[in-house]
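Novice: Need a 3D model of the sequence below.
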Amino acid sequence: GGQFKREVMVDGQSHLLLIREEGGAPDAKFASWADAVIFVFSLENESSFEEVTQLHTLLSGYRGAGEVALALVGTQGELGTRDQPHGDGDGVGMTPRLTPLLPPDKISSSNPRVIEDARAQALCGDMKRCLYYETCATYGLNVDR
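Specialist: Modelled structure (predicted):
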């Protein structure tokens, strides 16, 4: 996975986020250093939702419920991958890697929503210490949250 840095302001105080993108199941080492985890699934894809549930179960086996802050993000657009340069954000050491790719956001009759809000909210409740967001890049819904 990739590694990213982002500075954010919270209540007037600057915080540096060190973000690590994981492509597989969490292991003990990952679970021991993570302060927060964001699980992302496609609102149109049952298997992506089931995978998030399984990954959370694995993470919970290493760290107790409530020890890690969690966010669950349902996004419009099937999750895929593409080659994209990455590095530490300063343009140095850019190398290709696979990154999530979302096609145009479009829940419609031909591309129906599969995961209803109540189901995602229930999973978030089961996760403990979790926030749930739905995103839509096309319309900018919750993109900056």
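
Novice: What's the local residue count around Gly2?
Specialist: Burial of Gly2 is recorded as 16 neighbouring residues (other C-beta atoms under 10 Å). (Each C-beta comes from the backbone N, C-alpha and C, glycine too.)

Novice: Pull up the distance across stretch 9-25, start to finish.
Specialist: 30 Å (C-alpha to C-alpha, to the nearest Å).

Novice: Surely Gly64 is in a helix?
Specialist: No. Assigned with DSSP: H, G, I helix; E, B strand; the rest coil, Gly64 falls outside any helix and is coil.

Novice: just for the protein, where's the confidence low?
Specialist: Low-confidence segments of the chain (pLDDT under 70): 1, 65, 77-108, 138-145.

Novice: Quick one: the helices in it, in order.
Specialist: In the chain, the helices defined using DSSP state H lie at 28-33, 46-62, 117-127.

Novice: okay, these in CSV with distance to Tyr133 and mean neighbour count next?
Specialist: Converted to CSV, the helices of the chain look like this (distance: least, C-beta to C-beta, whole Å; neighbours: other C-beta atoms under 10 Å):
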stretch, distance to Tyr133, mean neighbour count
helix 28-33, 22, 12
helix 46-62, 13, 15
helix 117-127, 9, 15
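
Novice: The ones you listed into JSON lines, with extra columns for distance to Phe39?
Specialist: Rendered in JSON lines, the data for the helices of the chain read as follows (distance: least, C-beta to C-beta, whole Å):
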{"stretch": "helix 28-33", "distance to Phe39": "13"}
{"stretch": "helix 46-62", "distance to Phe39": "4"}
{"stretch": "helix 117-127", "distance to Phe39": "8"}
